[in-house]
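*Asks:* with the input below, show me the fold.
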Amino acid sequence: TSRSGHVLDTDGRYGKWLDTGIIVIRLLIEACLRKYKKVTFVNVKGNHDDILGAALGVFADHIYENQKRLTVMRGESPFQYLKRGNVLLGFCHGHTAKLSALPGKMADDQYKLWGQTTYRHWITGHVHHNSWVQFKEHPGCVVETVGIIPPKDAYAFGAGYGAQRTTQALIFDTAGGLHERHIEYVRGD
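*Replies:* Numbers count the residues shown, from 1 in each chain. This is a model prediction of the structure:
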């Protein structure tokens, strides 16, 4: 990686990574546009994909520039926020701040929206497994990490990591907070 110098088990050709990322992003956006009147795409760059992560947000913004039902959050900031009714959502990859700091970060960054909402929820990645944590020292905000889709690389295998590969859909009711959770397990090797 450009940040840490870690060697990852990938094809190694940036064009192939970008191509795969664009295919996945388009499939997800198109599926959401078929189902919902308005869609917001939140691009969150991670610690392994500074350039490609930024490229996906820019790509989505340009390719859908005439789609009035879609809002694209390109991912320029590592911390992104979305308010829907009584719900405030925070998104970040999770590599730039400790999970325990996120409720305070949200309250500090978005103090007006914090005061206007009842349900506050962070969605992060980085740790490559699912874990739902509510911090008692920060009442009123949930911090959650979501799983990973790709298979284990040599490092994860050698370190004994064994998180299941999943994709998730969290459905929030604008009046009542988290309403449904759907988890799809990715099968195969």
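
*Asks:* can you tell me the helix or strand for the nearest residue to Tyr185 once chain neighbours are set aside?
*Replies:* Among residues not flanking Tyr185 along the chain, Thr166 sits closest, at 5.5 Å (C-beta to C-beta, 6 or more residues apart in numbering). All C-beta spots, glycine's among them, are computed from the backbone N, C-alpha and C. Thr166 belongs to strand 166-173 when assigned by DSSP states H and E.

*Asks:* before we move on, back to that, could I get the contacting residues of the residue nearest to Tyr185?
*Replies:* Asn130, Val146, Gly147, Ile148, Ile149, Ile183, Glu184, Tyr185, Val186 (C-beta atoms under 8 Å, 6 or more residues apart in numbering).

*Asks:* let's see it at 7 Å
*Replies:* By C-beta atoms under 7 Å, 6 or more residues apart in numbering, the contact list for Thr166 reads Asn130, Gly147, Ile183, Glu184, Tyr185, Val186.

*Asks:* bridging residues for the closest residue to the last one other than its chain neighbours?
*Replies:* So that's Val186. Once flanking residues are discounted, Val186 sits nearest to Arg165: 3.8 Å by C-beta to C-beta, 6+ apart. Beta-bridge pairing for Arg165 (DSSP bridges): Ile148.

*Asks:* was I right to think Arg165 contacts Ile148?
*Replies:* Yes. Under the criterion of C-beta atoms under 7 Å, Arg165 lies in contact with Ile148, with a separation of 6.2 Å.

*Asks:* which one of the two is surrounded by more residues?
*Replies:* Ile148 (21 against 17; other C-beta atoms under 10 Å).

*Asks:* was I right to think that one contacts Gln168?
*Replies:* No. Contact criterion C-beta under 7 Å: Ile148 and Gln168 do not qualify, at 10.7 Å.
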